[in-house]
Structures are given as C-alpha cells and as structure tokens.
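Peer 1: Pasted the sequence and its predicted model underneath.
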Amino acid sequence: MATITISRQFGAGGATLGERLSKRLGYRYVSDHLIREVAKNIGISLAQVRRIEKIETSKLMKLFEKIINTNIIERQIPKKYRPLDEKRLVEEVKTVIRKLHDEDNVVIVGRGGNYALKDDKDIIHILLVASMEHRIKFLTDKYRMSKKQAERAINRADAIRYAFLDYFSEGGNHDDPLLYTMVLNMDQVSMEKAEDLVVGLIL
C-alpha cells in the first residue's frame, strides 16, 4: 500500500479529496491528530510561550498558530515550559509525519508532508491547484462565505502556506510540478474524477 500526501492551494479542495480517499481506500485521514502528536512531543502550549517570553514570538511560531487549532494544543500537552526554536518545531513535524508513514495506509493533508517524505518510497504526492474564481466558488458553496470573505481567506491562507513551507525547503516554488506525483487542475477536473485518478495510482 502507500502513503498519500496532499498539498493544495486553499480552496482547491484538498481536505475534501483527502477525506474521500481515506473513506474509499480505508486509509487513515490525518488532520488534527498530527497536531496533537506534535504538541505532545514539544510539551509546551503556544499560550505559555507568549506569557513566558518577554520578546515577540518567532515568525514560525506565529505561522504555526495560524494553521492549527490552539485549543487542541491546550488540551493535549502538559503545562510546563521548555525552550522551543524553529528548527526543533520543524523537526517535530517531520518526525510525526514520518511516523505516520511508517504506520502505512495514511492520507496526510498539508503540513509539508511532501517535503518531509520526499526521499521515502511508496509515497504518492498530490498537488491541487485552481484559479481564484474556482477557489472562491468552492468556498462560497461549501462554507457559505461571501465572495469578499472567501477572497480574503484565500489570500491569507496562501501567504501562510508559502511562508510555512519555506522552513521545509529553504524557499523556492512550492507548486513546482516536479515535486509531485500528480498535479490536478481543479478547474478542469471534478472531485469525483480527481478521486478516481489518485486511486488509479494505487490500485
């Protein structure tokens, strides 16, 4: 079997595809679980970092806060302080992703999975892209956002994604097709067809 990583432009439907694939293939779908494991390994809440440190939290810590549910962090980790830097945080994310891969039969959405597992075998790396118009429509249809809210959310999410991935790859084009097994343009491919295409790489 295989591990599937899904990278996506926000609003292209990456989480939706991941959930569909996990159900169809019987794979484990990883989202909040990954963050819980990272939090346990780190052993510190982001709220505590803000209280204890007198200086401003690092750029990466701010990005990390934006892409996770901090309530999960608060519930899952012990209330203690240990020094945390950017290198350690990224390495913890990579460690958890590699552990999930070792357990096999998993769909990992986002979190730099394609970079963390770029040298491993039996990995299928998928990238979903779409035009701004398609992404806005996806968000307004699925989440009942206004067009203005959707456009603002997309611009913010894109900036966070690219900045976060820079810590895994030292910059570069994170949508470079050579980084992926398959790139799907969701303007031209339905969600059903995307699911069939990815499944076809495995079965």
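Peer 2: Okay, I see it. For clarity, every value in this text was computed on a predicted model and none was experimentally measured. Numbers count the residues shown, from 1 in each chain.
Peer 1: For the helix or strand hosting residue 183, what does the pLDDT average out to?
Peer 2: Residue 183 belongs to strand 182-185 when assigned by DSSP states H and E. Average pLDDT, strand 182-185: 98.
Peer 1: Can you give the strand pairings for it, parallel or anti for each?
Peer 2: Strand pairing for strand 182-185, determined by DSSP bridges: strand 123-129 (parallel).
Peer 1: What's the first helix or strand after the partner strand?
Peer 2: helix 132-143.
Peer 1: So which bits of that next one are buried?
Peer 2: Across helix 132-143, burial judged by 16 or more other Cβ atoms under 10 Å covers 134, 135, 136, 138, 139, 140. In short, each C-beta sits where N, CA and C put it, glycine included.
Peer 1: What is it packed up against?
Peer 2: helix 147-169 (3 or more Cβ pairs under 8 Å, 6 or more residues apart in numbering; DSSP states H and E).
Peer 1: Okay, angle between the helix it packs on and helix 132-143 too, please.
Peer 2: 110 degrees (axes from the mean of the first three to the mean of the last three Cα atoms, to 10 degrees).
Peer 1: tell me what helix 147-169 is packed against?
Peer 2: Contact partners of helix 147-169 among helices and strands, from 3+ Cβ pairs under 8 Å, 6+ apart: helix 59-67, helix 86-103, helix 113-116, helix 132-143.
Peer 1: Swap in 10 Å and give it another go.
Peer 2: Packing contacts for helix 147-169, counted by 3 or more Cβ pairs under 10 Å, 6 or more residues apart in numbering; DSSP states H and E, involve strand 3-8, helix 59-67, helix 86-103, helix 113-116, helix 132-143.
Peer 1: For stretch 142-150, list every residue counted as buried.
Peer 2: Buried residues in stretch 142-150, counted by 16+ other Cβ under 10 Å: 145, 150.
Peer 1: same question, stretch 173-189
Peer 2: By 16+ other Cβ under 10 Å, the buried positions in stretch 173-189 come out as 174, 175, 179, 180, 181, 183, 184, 186, 189.
Peer 1: of all those residues, which comes closest to residue 120?
Peer 2: Lowest distance from residue 120 to these (Cβ to Cβ) belongs to residue 181, with 12.5 Å.
Peer 1: Compute the distance between that closest one and residue 140, please.
Peer 2: Residue 181 is 30 Å from residue 140, where distance means Cβ to Cβ, to the nearest Å.
Peer 1: Strand 123-129 and the strand or helix carrying residue 194, what's the angle between them?
Peer 2: Residue 194 is part of helix 191-202, with elements assigned from DSSP H and E. Here the directions of helix 191-202 and strand 123-129 differ by 160 degrees (the same axes, to 10 degrees).
Peer 1: Show me the contact partners of helix 191-202.
Peer 2: With contact meaning Cβ atoms under 10 Å, 6 or more residues apart in numbering, helix 191-202 is reached by 1-2, 4, 6, 12-13, 16-18, 20-21, 23-25, 27, 107, 122, 124, 126, 128, 138, 181-182, 184-186, 189-190.
Peer 1: circling back: TSV for the buried residues of helix 132-143, including pLDDT and distance to residue 198?
Peer 2: Below are the buried residues of helix 132-143 laid out as TSV (pLDDT from 0 to 100; distance: Cβ to Cβ, whole Å):
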residue	pLDDT	distance to residue 198
134	96	19
135	95	20
136	95	24
138	92	18
139	91	22
140	92	25
